[in-house]
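**Student:** This is a predicted model, with the sequence first.
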Amino acid sequence: MATVKASMAGTVWKILVKEGDSVTAGQDVAILESMKMEIPIAAEADGTVTKVIANEGDFINVDDDLVEIE
């Protein structure tokens, strides 16, 4: 199981996947907003989304879990 983590602190602007979706390495799974910039967060491995941990509007810190992929 792989976990997609936040690379920086910010607000979760958009979650691009839902549980059960198939994703490929490099595919964006979420977009963070920090200092008026939108930062895409990509999956690091192929798999299926088993859990979406973060919600749109949540403030997250560096290394917080966003999505679990199996």
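**Tutor:** Perfect, thanks for sending it.

**Student:** Please count neighbours and contacts with C-alpha atoms only from this point.
**Tutor:** OK.

**Student:** same question for the helix or strand encompassing residue 38, mean pLDDT?
**Tutor:** According to DSSP states H and E, residue 38 maps onto strand 37-42. Averaging pLDDT along strand 37-42 gives 96.

**Student:** Residues contacting that strand, please?
**Tutor:** For strand 37-42, contacts defined as CA atoms under 8 Å, 6 or more residues apart in numbering pick out 4, 6-7, 13, 25-33.

**Student:** Show me which of those residues is closest to residue 66.
**Tutor:** residue 4 (5.6 Å; CA to CA).

**Student:** mind listing what the closest one touches?
**Tutor:** Neighbours of residue 4 in contact, by CA under 8 Å, 6+ apart: 41-44, 65-69.

**Student:** which of those residues are buried?
**Tutor:** 41-44, 65-69 (16 or more other CA atoms under 10 Å).

**Student:** Output the contacts of strand 37-42 in JSON lines; the columns should cover secondary structure and distance to residue 54.
**Tutor:** JSON lines is the format used below for these (DSSP: H, G, I helix; E, B strand; the rest coil; distance: CA to CA, whole Å):
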{"residue": "4", "secondary structure": "strand", "distance to residue 54": "10"}
{"residue": "6", "secondary structure": "coil", "distance to residue 54": "10"}
{"residue": "7", "secondary structure": "coil", "distance to residue 54": "14"}
{"residue": "13", "secondary structure": "strand", "distance to residue 54": "10"}
{"residue": "25", "secondary structure": "coil", "distance to residue 54": "19"}
{"residue": "26", "secondary structure": "coil", "distance to residue 54": "19"}
{"residue": "27", "secondary structure": "coil", "distance to residue 54": "17"}
{"residue": "28", "secondary structure": "strand", "distance to residue 54": "14"}
{"residue": "29", "secondary structure": "strand", "distance to residue 54": "11"}
{"residue": "30", "secondary structure": "strand", "distance to residue 54": "9"}
{"residue": "31", "secondary structure": "strand", "distance to residue 54": "11"}
{"residue": "32", "secondary structure": "strand", "distance to residue 54": "11"}
{"residue": "33", "secondary structure": "strand", "distance to residue 54": "13"}
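
**Student:** I appreciate the help and will end here.
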